[in-house]
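> sharing a model prediction with you, sequence too.
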Amino acid sequence: MHANLVELEKIKVGAVSYLNTKPLLYGIKRSEILMEQIELVEEYPSKIADMLVQGTIDVGLVPVAVIPKLKKWHILPGYCIGAEGGVASVCLFGESPIEELNTILLDYQSRTSVSLCKILLKHYWKKDVALQDAGKDFTSQIKGRTGGVIIGDRALLQRKISPYVYDLAGAWQQMTGLPFVFAAWIANKKLPDAFVKLFNEANAEGLQNLDAVIAENPFAAYDLRTYYTHNISYTLTKEKMAGMEKFLTLLKNI
């Protein structure tokens, strides 16, 4: 009876269903031991963040901007979605240069990227523009003096369309000298050490098998090897933690 109850108490894990998470999810989905212990949910970033705040999941690869909304939070050491320069898939796009933009549409799928853009507009570009929350399928509205923040796979596609592309992680690095963390594995409760160890081992597997990850996810619009090895930096280092702390400090005043 007790064994059956334990089996029912799976750890609910939320992850983003973008190309940038594929290397981390590769090993998670292939670990039979881990998959017996978890219930995996894939959604877009802000949705996963809401689920973590509401307690419908126990741990998620969530935008770090959600941290102030959590009563309790624990960052799992090991891996994240970060960048030490240009990340390629989180950008401000425009038909006109940023100096000429008077409106910026904000991607509904991400809190961290939207907050980062607001911080950069205030402290780096020093530009006051109208900001509008965007709905679905808003990319066609990026024209004239209206720009837009787009994240994820759609951003990689938009790079082929918009003549002006401002990489938010690259701008952050130029402004602060620090790397940026877009999302980290964050739990709303303390998880067992044995689980965290197994979870990190699963995260690492995909990063050690990028050829297989790339083969499973054909994407003509952008070179995934460049994306996974030069744009995204997956290891959660002390420098990235410092960048995250800087971001959370600046976040209080936007």
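Sure thing, it's come through.
> quick one, what contacts N231?
A83, G85, G86, V87, A88, S89 (C-beta atoms under 8 Å, 6 or more residues apart in numbering). Bear in mind the C-beta positions are built from the backbone N, C-alpha and C, glycine included.
> rerun at 6 Å
N231 makes contact with V87, A88, according to C-beta atoms under 6 Å, 6 or more residues apart in numbering.
> what about it, distance to I67?
Distance, N231 to I67, by C-beta to C-beta, to the nearest Å: 24 Å.
> what's the burial count for R154?
R154 has 16 neighbouring residues, counting by other C-beta atoms under 10 Å.
> excluding chain neighbours, what is closest to it?
T139 (6.8 Å; C-beta to C-beta, 6 or more residues apart in numbering).
> I'd like to know how far the one you found sits from A88.
Distance from T139 to A88, by C-beta to C-beta: 16 Å.
> who has more neighbours, those two?
Ranked by neighbour count (other C-beta under 10 Å), T139 and A88 place A88 first, with 22 against 19.
> buried residues, stretch 93-108. List them.
By neighbour count on 16 or more other C-beta atoms under 10 Å, the buried set for stretch 93-108 is F93, G94, E95, S96, I98, L101, I104, L105, L106, D107, Y108.
> part of a helix, is F199?
Yes - F199 forms part of a helix when assessed by DSSP: H, G, I helix; E, B strand; the rest coil.
> what's the spacing between it and Y79?
F199 sits 9 Å away from Y79, going by C-beta to C-beta.
> neighbour-wise, which of the two wins?
Higher neighbour count among F199 and Y79: F199, with 26 against 21, using other C-beta under 10 Å.
> local confidence estimate at the more buried one?
Looking at F199, its pLDDT is 97.
> and what of I232?
98.
> do Y79 as well
Note on Y79: pLDDT of 97.
> for it, what are its contacts?
Per C-beta under 6 Å, 6+ apart, neighbours of Y79: N203, Y234, L236.
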